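*Asks:* build me a model from this:
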Amino acid sequence: MSQPNAERPDVPRLPNPLHANHSPLVKKNRKLPTFKVVLLQSAIDDLMFVVRSVMELTRFPRAEATHKMWEAYHCGRSVILTTYLERAELYVEQFAGKGLSVALEPA
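*Replies:* Numbering: from 1, shown residues only. Below is the predicted model of the structure:
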């Protein structure tokens, strides 16, 4: 019996880009800067409108949306969420479209 791999030529292997730290194909993990979407105390008297808007735009459950509304009402501001810039800007536009005051702050 002959050896099964005796006549097989050596094939050079390329470095695995997933495991090689020195490979130019691997990008270093860079984190995007994050921003806070802050709900401000607004002049709207209908507090349930604020709760419904927060629920609709963020998909928060009623209890969490109510908590955010009361926090903004009593403290003047409530951090709705923290996300990257483009998504935060989208939330600001959507809340402004509903007539709510929202600020964008670096996290």
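*Asks:* contacting residues around the nearest residue to residue 47 once chain neighbours are set aside?
*Replies:* In space, and not counting its chain neighbours, residue 47 is closest to residue 69: 5.8 Å by Cβ to Cβ, 6 or more residues apart in numbering. Quick note: C-beta positions are derived from backbone N, CA and C, even for glycine. Contacts for residue 69 (Cβ atoms under 8 Å, 6 or more residues apart in numbering) come out as 39, 47, 50-51, 54, 78.
*Asks:* one more time with 7 Å
*Replies:* Going by Cβ atoms under 7 Å, 6 or more residues apart in numbering, residue 69 touches 47, 50-51, 54.
*Asks:* cool, residue 28 as well?
*Replies:* Contacts of residue 28 were listed using Cβ under 7 Å, 6+ apart, and none were found.
*Asks:* quick check, pLDDT for it.
*Replies:* In this model, residue 28 is scored at 71, pLDDT.
*Asks:* sorry, back to before: and the contacts of residue 69, which are buried?
*Replies:* 50-51, 54 (16 or more other Cβ atoms under 10 Å).
*Asks:* measure the spatially most central residue of the chain to residue 46 for me?
*Replies:* Central residue of the chain (Cα atoms, centre = their mean): residue 83, 3.5 Å from the mean position. Residue 83 sits at a distance of 27 Å from residue 46 (criterion: Cβ to Cβ, to the nearest Å).
*Asks:* got it, and residue 95?
*Replies:* Separation of residue 95 from residue 46 (Cβ to Cβ): 15 Å.
*Asks:* about what we covered before: just curious, which of the contacts of residue 69 is nearest to residue 90?
*Replies:* Taking Cβ to Cβ as the measure, residue 90 lies nearest residue 54 of the contacts of residue 69, at 14.9 Å.
*Asks:* cheers, nothing more for now.
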